[in-house]
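Novice: Next one to model:
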Amino acid sequence: EKAKITDLGSAELTIQGRRIACNVQQIESQGAANKTVAKIYFSASVAPYILKRQSKTIDRDGKVVSETTVDVIALDVPCRVRDGISTAAHLKAVHKYAKGTTTTLAVICMDVPGGVICHSLKELDENGRMVRRSWLETIDYGLDPDDEDRGGFFRRHRARATRKTYRYYVPR
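Specialist: Numbers count the residues shown, from 1 in each chain. Predicted coordinates:
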């Protein structure tokens, strides 16, 4: 894919009454079957740094195939991370496509590898009926897992790397 990045200048976003200066960039990528145009609002001083993202995917006929909007809706929210309290941001992502809409609410903390502390997802079909919902929560992470935590029949020792443990909830 070919990508074209255009600087659109500066803009100001308001999150919880707080005005934040952002740099706005537009990224266009052209694929074989479609074109994606994304507008990103970036702040170098406020985590999680990308505070808003809007993107559209358009097919060759000019029809919008999907639209995604990701907004930071809360900043500096206290959140429990392992044994302490850190600050986090709340995000809302809405993805619209031909067969429905997916809405995700997430808690993001820069102190956690990968950033996601938890998120909930709700998917609706084109008639507004719920077809899926899920919930994810990071319950642990670390660089040196305890030997007791290692599972499996042979209790293999794995290379030391950042590890996240997730808890999923998918109702039937």
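
Novice: going forward, measure contacts and count neighbours with C-alpha atoms only.
Specialist: Will do.

Novice: and the next element down the chain from the strand or helix carrying residue 101?
Specialist: For residue 101, the host element (DSSP states H and E) is strand 100-108. Using DSSP H and E, the next helix or strand after strand 100-108 towards the C-terminus is strand 116-125.

Novice: any idea of the angle whichever helix or strand comes after that next one forms with strand 116-125?
Specialist: Counting by DSSP H and E, the next helix or strand C-terminal to strand 116-125 is strand 130-142. Counting by axes from the mean of the first three to the mean of the last three Cα atoms, to 10 degrees, strand 130-142 lies at 170 degrees to strand 116-125.

Novice: for the record, mean pLDDT for strand 130-142?
Specialist: The average pLDDT within strand 130-142 is 88.

Novice: From the contact counts, what lies against it?
Specialist: strand 116-125, strand 163-169 (3 or more Cα pairs under 8 Å, 6 or more residues apart in numbering; DSSP states H and E).

Novice: Could you identify which of the ones you listed has the lowest mean pLDDT?
Specialist: Among the helices and strands packed on strand 130-142, strand 163-169 carries the lowest mean pLDDT (a mean of 56).
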